[in-house]
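J.: what follows is a predicted structure for the sequence shown.
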Amino acid sequence: MKYCKPILISLIIFCGLLIQKAPAQTFSQFTTSFSGFSQGTAAWADFDKDGYLDVLIHGILSNAQPATKLYRNNQGNFVEVNSGIMALKNGSARWGDFDNDGDPDLLICGVTDAYNAKTLIYRNDNGVFTNINAGLSGCNNGMAIWGDYNNDGFIDVLLSGDSLSYHATTLLYKNNGDGSFSDVEAGLPGALSSALAFGDYDNDGDLDIILCGDIGGMYSTMIFRNDEGSFTNTNIIFDGAGAGTIHFFDYDKDMDMDIAFIGNDLTLTPTFKLYRNDGNNEFTEIITAITGMALGNLAIADFDNDGWPDIISTGKTNGCGTSATVLYRNNQAGNFWQSSASFPDLSYSNASWADFDNDGDKDLLLLGLTGTGSTIARLYRNSLGTNAYTPNTPPQTPQGLTASTDKQTVIIKWNKSTDDNTPAKALSYNLKVGINPGMMEIMGVAADFTTGAPRLYETGNVCQDTSWTLKGLREGTYFYSVQSCDHSFSNSTFTTEESFEISINTGVETNTGNSIALFPNPANDKLTIITKAEGKHILLQILGTDGRTILEERTNQPVVQKDVSGFTPGIYFIRVLKDGKTEQRKLIIY
């Protein structure tokens with residue numbers, strides 16, 4: 001419920017670290033045909049599935065007109081493709097396989113030249129893009145992102161920003177699995193000049209949300225905990241920020257999600273904040289020498305292949321008309337050192353990492369507005385790798401899976417994998433956990449379970465760790481598998497599925513302070529519901545994940561038994577309405 005300020009001695013130690021110089025990392029500008037852009041983003045994906053990462057860029061051109069351009073990567077020769085994707089500025093673009101057909105589709109938001117706010121999904125059919133008319137709210141000066149918030153295997157959409165007329169909005173749309181999306185009315189506060197991210201900060205196997213921006217007339221930063229598909233404000237206190245970007249990432253490699261963001265603070269001063277996750281809803285602010293910026297972004301990647309996530313920051317700094325682009329190396333001791341690499345100072349800017357030449361290191365694309373008012377898009381090649389264009393070979397499948405259980409907790413471990421171009425210590429991993437063979441109801445991955453092919457082109461869901469802890473599991477059998485992911489966004493096949501057992505031996509699932517409990521859970525025939533009705537009539541409901549009421553009855557019994565043997569295996573919700581209050585629990589049927 002709080003964060004802790006570091007003590008003065010930490011500042012003294014850190015200032016001592018700053019005088020140490022990190023080794024140089026050489027980046028060289030790579031010639032491309034990219035148009036210059038500002039007020040936009042770049043998104044990398046192998047949209048044509050030829051083994052090389054292509055790039056989509058959108059924003060404002062030098063003539064002040066919005067544009068969206070898709071460039072195919074032909075072994076370093078980037079050729080513009082006539083994609084038909086709408087020209088948008090002041091928004092975001094994200095790739096993701098929403099229809100689970102194995103190729104990346106596009107989620108893009110922003111505003112048109114006629115100042116109409118849009119949020120659009122384009123389905124990729126063998127390189128042909130079709131607007132599916134998903135009916136999403138328009139979003140300007142914000143972003144739209146993918147994430148499977150309900151662990152059903154289909155990625156959903158979260159968006160936040162100005163739907164125009166200065167109307168703040170934050171909306172969550174459920175992917176119905178049939179090409180349509182539905183507003184789930186998540187109750188999230190609207191935000192302007194906003195940024196957001198999905199991440200499992202409490203390690204319970206589902207995606208939580210962090211949101212920052214102008215919320216209710218002041219800059220705020222809030223975490224919303226995912227409780228069985230419903231989101232609750234944790235009221236953890238962070239400094240507020242707007243006109244920036246925010247990330248969950250495990251900067252200290254202790255197997256939980258930390259937080260970093262840039263943006264304007266309440267005095268409209270550009271700021272950078274890093275918060276270490278200490279567990280139990282407590283975060284510690286880490287004092288760094290990273291320059292505060294706004295009207296730009298942070299991009300996080302392990303650019304030097306040492307296995308630790310690094311940061312590049314770009315945008316407007318504190319001072320009239322000043323801007324910067326600075327690369328920071330993770331010092332592996334809880335902080336960051338400034339790299340000697342030099343890049344153009346930019347505002348209204350964007351940085352993105354991608355291994356465009358398949359040599360096992362992260363290259364860098366920068367967009368933005370220079371101090372002289374020019375728009376640029378420059379690709380910088382990382383000299384760490386071979387710089388050879390070779391078809392990317394997926395990494396080896398991890399080995400040595402083990403699972404150690406203690407009551408309702410499991411620790412899953414595996415050995416580091418290997419790859420032909422990404423160092424073993426720099427590989428990341430996807431962990432899948434489900435209650436049925438081949439499923440992932442507990443912890444989902446953005447990859448095809450049969451082939452291993454990525455559906456989202458990003459770091460694996462457990463980063464570069466080779467162990468992961470899940471807590472609060474119910475009694476039952478669980479199935480798990482792991483794959484490795486390299487720097488060129490290629491994935492190995494998944495390991496042969498293993499299983500573990502959670503045996504609590506308590507007889508009944510207890511929920512201290514709650515009015516209902518379920519036993520057993522998961523269930524497949526008889527279900528016992530502890531209602532604590534105490535002679536009062538209550539309304540008992542069983543709902544599907546789509547909100548459909550499957551069973552509804554009134555009862556005054558404190559214990560109710562139901563036959564669920566005819567239910568289709570999957571996730572359900574038990575809801576009790578009593579004394580004007582509603583309580584809900586997730587039920588898993590196998």
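T.: All right, it came through fine.
J.: list the contacts of Gly199.
T.: Going by CB atoms under 8 Å, 6 or more residues apart in numbering, Gly199 touches Leu207, Asp208, Ile210, Phe248, Phe249, Met257. In short, each C-beta sits where N, CA and C put it, glycine included.
J.: check contacts around the second one.
T.: Okay, so that is Asp208. Here Asp208 is in contact with Phe198, Gly199, Asp200, Tyr201, Asp202, Ile223, Phe224, Arg225, Asn226, Phe231 (CB under 8 Å, 6+ apart).
J.: restricting to C-alpha, output stretch 530-541 in PDB.
T.: The C-alpha coordinates for stretch 530-541 follow below in PDB (Å, rounded to 0.1, in the frame of the first residue of the first chain):
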ATOM      1  CA  ILE A 530     -20.200 -22.400   1.200                       C
ATOM      2  CA  THR A 531     -22.600 -19.400   1.000                       C
ATOM      3  CA  LYS A 532     -22.800 -18.500   4.700                       C
ATOM      4  CA  ALA A 533     -26.400 -17.500   4.000                       C
ATOM      5  CA  GLU A 534     -27.200 -17.900   7.700                       C
ATOM      6  CA  GLY A 535     -30.900 -18.400   7.000                       C
ATOM      7  CA  LYS A 536     -31.200 -15.300   4.800                       C
ATOM      8  CA  HIS A 537     -32.300 -15.700   1.200                       C
ATOM      9  CA  ILE A 538     -29.500 -15.000  -1.200                       C
ATOM     10  CA  LEU A 539     -29.200 -15.000  -5.000                       C
ATOM     11  CA  LEU A 540     -26.700 -17.600  -6.200                       C
ATOM     12  CA  GLN A 541     -25.400 -17.500  -9.800                       C
END
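J.: any chance you could list what contacts it?
T.: 508, 515-519, 529, 549, 551-560, 574-579.
J.: buried subset of the residues you listed?
T.: Among the contacts of stretch 530-541, those scoring as buried are Ser515, Ile516, Ala517, Leu518, Phe519, Ile529, Thr555, Val560, Ile574, Arg575, Val576, Lys578 (criterion: 16 or more other CB atoms under 10 Å).
J.: among those residues, which are in strands?
T.: Among the buried ones among the contacts of stretch 530-541, DSSP state E puts Ala517, Leu518, Phe519, Ile529, Thr555, Val560, Ile574, Arg575, Val576, Lys578 in strands.
J.: for the last one, which non-adjacent residue is spatially closest?
T.: Right, the one you point to is Lys578. Distances taken as CB to CB, 6 or more residues apart in numbering place Ile538 nearest to Lys578, at 4.3 Å, with adjacent residues excluded.
J.: that neighbour: neighbour count?
T.: Applying other CB atoms under 10 Å, we find 22 residues neighbouring Ile538.
J.: before we move on, back to that, now the buried ones among the contacts of stretch 530-541 as JSON lines including distance to Gly177?
T.: Shown next, in JSON lines, are those (distance: CB to CB, whole Å):
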{"residue": "Ser515", "distance to Gly177": "32"}
{"residue": "Ile516", "distance to Gly177": "29"}
{"residue": "Ala517", "distance to Gly177": "30"}
{"residue": "Leu518", "distance to Gly177": "26"}
{"residue": "Phe519", "distance to Gly177": "30"}
{"residue": "Ile529", "distance to Gly177": "28"}
{"residue": "Thr555", "distance to Gly177": "33"}
{"residue": "Val560", "distance to Gly177": "31"}
{"residue": "Ile574", "distance to Gly177": "23"}
{"residue": "Arg575", "distance to Gly177": "23"}
{"residue": "Val576", "distance to Gly177": "28"}
{"residue": "Lys578", "distance to Gly177": "33"}
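J.: wait, what's in contact with the spatially closest residue to Asp97 that is not a sequence neighbour?
T.: Here the nearest residue to Asp97 in space, its sequence neighbours aside, is Arg455; by CB to CB, 6+ apart that works out to 3.5 Å. Shown in contact with Arg455 (CB under 8 Å, 6+ apart): Gly96, Asp97, Asn100, Gly102, Pro104, Ile155, Ala446, Ala447, Asp448.
J.: tell me which of these is nearest to Ser33?
T.: Pro104 (22.1 Å; CB to CB).
J.: spatially nearest residue to Trp146, not counting backbone neighbours?
T.: Among residues not flanking Trp146 along the chain, Gly96 sits closest, at 3.7 Å (CB to CB, 6+ apart).
J.: beta-bridge partners for that neighbour, please?
T.: Asp105 (DSSP bridges).
J.: which residues touch it?
T.: Gly96 neighbours (CB under 8 Å, 6+ apart): Pro104, Asp105, Leu107, Trp146, Ile155, Ala446, Arg455, Leu456.
J.: quick check: the gap between it and Gly368.
T.: Using CB to CB, to the nearest Å, we find Gly96 at a distance of 25 Å from Gly368.
J.: same question, Thr288
T.: Taking CB to CB, one finds Thr288 at 23 Å from Gly368.
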